[in-house]
Every structure is written in structure tokens, then in C-alpha cells.
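Asks: One predicted model, sequence on top.
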Amino acid sequence: MKIKSSHALCATNLFLSLYLFCGNAEAQNRLNSLSDTPVTFKTVSADTTSSSSLDNSDLPDAPQAPISGPVAEQEGVQTKRILGIIPNFRAVSANVHLPPQSVKEKFVTATHDSFDYSSVFLPAAVAGINQATNNVPEFHQGAAGYGRYFWHTFVDQTSENYFVEFIVPTITHEDTRYYTLGSGGFMKRAEYSLSRAVITRNDAGNNTFNISEILGAGAAAGISNLYYPQSQRTFGNTASRWGTSVGIDAGTFLFHEFWPDINRKLFHGKQPSQ
């Protein structure tokens, strides 16, 4: 923000000088209450404060380096993988400011989430559940039946990833990353994380309705009718696949939010970042 008036500049300098002076005075008073050692005050000139403010005011937020050491255990610091295996590329550590997400970054993120070596775990689990509940009778049982469940679920996941993380957010200029809240009680953080299924940031950094998630998951569910059996192409089944995709993503956001806490409690924050 540029300063347009010399009066505003003088007022700002005076305020900052008084603020810093009072802050130093308060700190010195606390030290005096604990020790009889003579204390001297350190003053900060208004010119120095003004120069620092002007030099940095026009600079955009830059990516912050990962926090390390004891402080890292107190913050919502994300690792690039969960348990060293599961991709966690979309999660941003608490209090970290990043530049807008480029189209290339959105494409790379969707590709990582779709074709990473660990991308088979979730489809494998969902396929097992669907087979156990005989979700699609036409797929039958046994190894061949499980194979049909698996590849349908894997294609569902891949299609949804590209619509939600790349195609739609590129059109709507939305940020697909998950920004960790990292502070507050369990209910506050849980509510925040689950709400990210319907609320996200745009490329300008403002909260907006999550069109990418809702419309993208719906588009992927609609396209799935091209490769599912005829009996599965009803509105109800399509809506079910749509809701399942949104629900899984909401659960993923919840896990993103509390992963730093789990990592700190179980592994003392020593999980590898790669």
C-alpha cells in the first residue's frame, strides 16, 4: 500500500515508534521485576521503521520455508507424504502464504494424486467395500469381479481428480490447495476442514464457493455413466457416486487438518517430508 500524504507518514512513524517503545518498556519492566540488574532501554528511530515499512509494503507474499525445530511441533506443519507413503501435496502448513496457483501446478497436482504409486490404495479399499455389499451385481464376485470393481473405482478417482483439481479450477480461477487452520479446538478445526468441500480460496486469496469440488465431482459422476452398466446409469446412482466423491474429499480435508497433530503425537514430527 502506498503512502499518499506526508501527514499520514508522520502519524504512522509516530505510532510505530510509540508502539515499539512501549513494547520495549513493558519487556524491561518485566525483567526488572525478576532482577535487580540495571536495565537500559533500546529505542527505535522513526526513520528506520519508516524505511523498513516502505521497503516491504509493495512486495507480494512469498512462499515461507518449512518451520523446523521445537516451533514446528507447535504448528500445523504438513509433510509432503502421510506415513511416508500417501500423497499430501495439496496440504499447506498453517500460517504459510503462497503465490497464486498456476495452471501447470494444478495439472501437476491432479496428476500426482491420480498416478502416484500410492493412488491405488483408496480405489482398492472402495472396490473391496463395493464388492462386499454387491454394489454392482453385474460385476459378480471372485477375483474377476473385484478386478471390475477396482478399475471402475480407479477411473472414477482419476476423472474426479482432473475435474476437481485441474479442469474446473482453471476455468473458475480457484485454488485447489488445502490451507491448514492448525489452531483452535477440535470442533472448530473439524468444522473448518469439512467446510472446505463447499468453501475454497480463489486465485486472489479470497474465500469463495467451491465450484471446483461440487461441479467437478458432479461432472466426473456424469461421465462415469459411459463405462458403468446400464442399470447403474440412473439419476440416483449417479447422484450417489457424486455424493461419495464429495464425501471422500471432505474426509480427506479432515485428515489433512489433523495429520500434523497425529505426526507430532506418534512420530514426534519426524515423518519424512518426501
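Replies: Ah, there it is.

Asks: hang on, Val77 packs against Ala94?
Replies: Yes - the pair Val77 / Ala94 is scored as a contact, 7.4 Å apart, by CB atoms under 8 Å. Every C-beta, even on glycine, is put in place using the N, C-alpha and C of the backbone.

Asks: residues shared between the contacts of these two?
Replies: Pro260 (CB atoms under 8 Å, 6 or more residues apart in numbering).

Asks: Reduced to three states, what does Lys188 come out as?
Replies: helix (DSSP: H, G, I helix; E, B strand; the rest coil).

Asks: In contact with Thr208, which residues?
Replies: Taking CB under 8 Å, 6+ apart, one finds Glu174, Ile199, Thr200, Arg201, Asn202 in contact with Thr208.

Asks: I meant Val168, not that one.
Replies: Glu174, Ile211, Ser212, Leu215, Gly216, Ala219.

Asks: Mind putting the residues you listed into JSON lines with secondary structure, pLDDT and neighbour count?
Replies: As requested, the contacts of Val168 are exported to JSON lines (DSSP: H, G, I helix; E, B strand; the rest coil; pLDDT from 0 to 100; neighbours: other CB atoms under 10 Å):
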{"residue": "Glu174", "secondary structure": "strand", "pLDDT": "98", "neighbour count": "24"}
{"residue": "Ile211", "secondary structure": "helix", "pLDDT": "98", "neighbour count": "18"}
{"residue": "Ser212", "secondary structure": "helix", "pLDDT": "97", "neighbour count": "25"}
{"residue": "Leu215", "secondary structure": "helix", "pLDDT": "97", "neighbour count": "17"}
{"residue": "Gly216", "secondary structure": "helix", "pLDDT": "97", "neighbour count": "29"}
{"residue": "Ala219", "secondary structure": "helix", "pLDDT": "97", "neighbour count": "18"}
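
Asks: would you list those in CSV and tack on distance to Tyr149?
Replies: Output for the contacts of Val168, formatted as CSV (distance: CB to CB, whole Å):
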residue, distance to Tyr149
Glu174, 32
Ile211, 30
Ser212, 27
Leu215, 26
Gly216, 23
Ala219, 22
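
Asks: picking that back up, neighbour count winner among Val77 and Ala94?
Replies: Val77 (25 against 17; other CB atoms under 10 Å).

Asks: and the more buried one, what pLDDT?
Replies: Per-residue pLDDT puts Val77 at 91.

Asks: now His268
Replies: 79.

Asks: Any figure for the gap between it and Thr200?
Replies: Distance, His268 to Thr200, by CB to CB, to the nearest Å: 32 Å.

Asks: So if I had to pick from these two, which one is more boxed in?
Replies: Each of His268 and Thr200 has its neighbours counted (other CB under 10 Å); Thr200 has more, 22 against 9.

Asks: Give me the distance between the more buried one and Arg241.
Replies: 21 Å.

Asks: ok, the nearest residue to Asp261 once chain neighbours are set aside - contacts?
Replies: Excluding its sequence neighbours, the residue lying closest to Asp261 (CB to CB, 6 or more residues apart in numbering) is Gly76, at 7.9 Å. Neighbour list for Gly76: Ser93, Ala94, Asn95, Thr180, Leu181, Gly182, Ser183, Glu257, Pro260, Asp261 [criterion: CB under 8 Å, 6+ apart].
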